[in-house]
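Trainee: predicted coordinates and the sequence they were generated for:
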Amino acid sequence: MIFPFTIIDLTHTLSSNIPTWDGGCGFGQECLHDEATTHGKDETFRIMGLHMEAGIGTHMDAPTHLYKDGTPIHALPLQDLCMPCVVIDVAHKAHANYTITADDILAFEETYEKIEKGMCVVFRTGWARHWEDRQAYHNNHVFPCVGEDVARLLLARGVRALGIDTLSPDRPENDFIVHKLFLGQGKVLLENVANLSSMPATGAFVLALPLKIHDGTEAPLRLVGLVMRDAVA
């Protein structure tokens with residue numbers, strides 16, 4: 001049996017040089033064991049230790065990230081983490097101070113299809129081109145973001161998740177309104193999404209699998225797109 005999907009990796013690789021919200025280093029690893037003796041045998045097992053913040057790289061924000069009584073990472077239903085996905089591409093006009101508006105949503109729907117209940121909506125702003133330069137990507141928290149009107153419209157459509165290829169759908173000046181609206185309604189946010197140029201606008205799925213951290217407010221995420229093979233043939 002042939003797997004019916006082409007798999008698109010939408011996840012940035014974690015390293016000590018990645019951009020983070022506070023501009024510092026949010027991830028590190030070290031070799032804890034690299035000796036040629038393991039339990040008296042000759043095999044060499046290299047054992048790594050990790051230290052990191054939860055909200056780094058391509059990651060998920062759960063409702064409890066902002067609301068104490070919200071759903072934590074470990075309690076998110078697995079069936080809710082595989083979703084039909086639409087990618088709204090505004091990269092041709094987005095700039096550092098660009099705010100995605102409801103008009104962008106309506107223009108997308110006029111060209112493609114109406115956004116439906118249970119979908120994941122991901123915005124491609126093109127900002128991921130700065131990922132390898134963490135100062136440019138961070139840019140003092142100035143990057144393309146999502147407007148309040150967009151968040152309210154998507155919630156009215158009944159979407160399950162919102163993603164973006166920047167540090168956040170909010171800039172601090174917006175008082176984190178998108179976080180408040182989405183997480184307040186039990187939805188999840190996907191931040192620092194990678195490789196969106198490889199995804200079709202419609203017809204794909206995303207599989208969003210965070211580390212299953214007990215009472216986690218955020219978690220690093222292995223995010224993949226699933227595109228029917230016929231659609232990419």
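Mentor: Sure thing, it's come through. What you see is a predicted model; the values in this text were computed from it and never measured. Numbers count the residues shown, from 1 in each chain.

Trainee: regarding the chain, what is its longest strand?
Mentor: Assignment by DSSP state E gives strand 218-228 as the longest strand of the chain.

Trainee: quick one: that one to chain centroid distance?
Mentor: 8 Å (Cα atoms, centre = their mean, to the nearest Å).

Trainee: if we go by neighbour counts, what in it is buried?
Mentor: For strand 218-228, the neighbour count (16 or more other Cβ atoms under 10 Å) marks 218-221, 223-227 as buried. C-beta here means a position set from N, CA and C on the backbone, and glycine is covered the same way.

Trainee: can you list the weak-confidence ranges in the chain?
Mentor: For the chain, residues meeting the criterion pLDDT under 70 lie at 25, 35-43, 231-233.

Trainee: in it, which spans are strands?
Mentor: 5-9, 27-33, 47-52, 59-61, 82-89, 99-100, 120-124, 145-146, 161-164, 188-191, 204-210, 218-228.

Trainee: how far off strand 204-210 does the fifth one point, in degrees?
Mentor: Between strand 82-89 and strand 204-210, the angle comes out at 110 degrees (axes from the mean of the first three to the mean of the last three Cα atoms, to 10 degrees).

Trainee: strand 82-89 pairs with which strands?
Mentor: In the sheet, strand 82-89 lines up against strand 120-124 (parallel), strand 204-210 (antiparallel) (DSSP bridges).

Trainee: the first one now?
Mentor: Using DSSP bridges, the strands paired with strand 5-9 in its sheet are strand 218-228 (antiparallel).

Trainee: just the CA trace of the strand it pairs with, in CSV.
Mentor: In CSV, the C-alpha atoms belonging to strand 218-228 read as follows (Å, rounded to 0.1, in the frame of the first residue of the first chain):
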residue,chain,number,x,y,z
GLU,A,218,3.5,25.8,25.2
ALA,A,219,5.5,23.1,23.6
PRO,A,220,7.9,22.6,20.7
LEU,A,221,6.0,21.1,17.8
ARG,A,222,6.7,18.8,14.9
LEU,A,223,4.4,20.2,12.3
VAL,A,224,3.9,18.5,9.0
GLY,A,225,1.7,19.2,6.0
LEU,A,226,-0.1,16.3,4.3
VAL,A,227,-0.8,16.9,0.6
MET,A,228,-2.7,14.3,-1.5
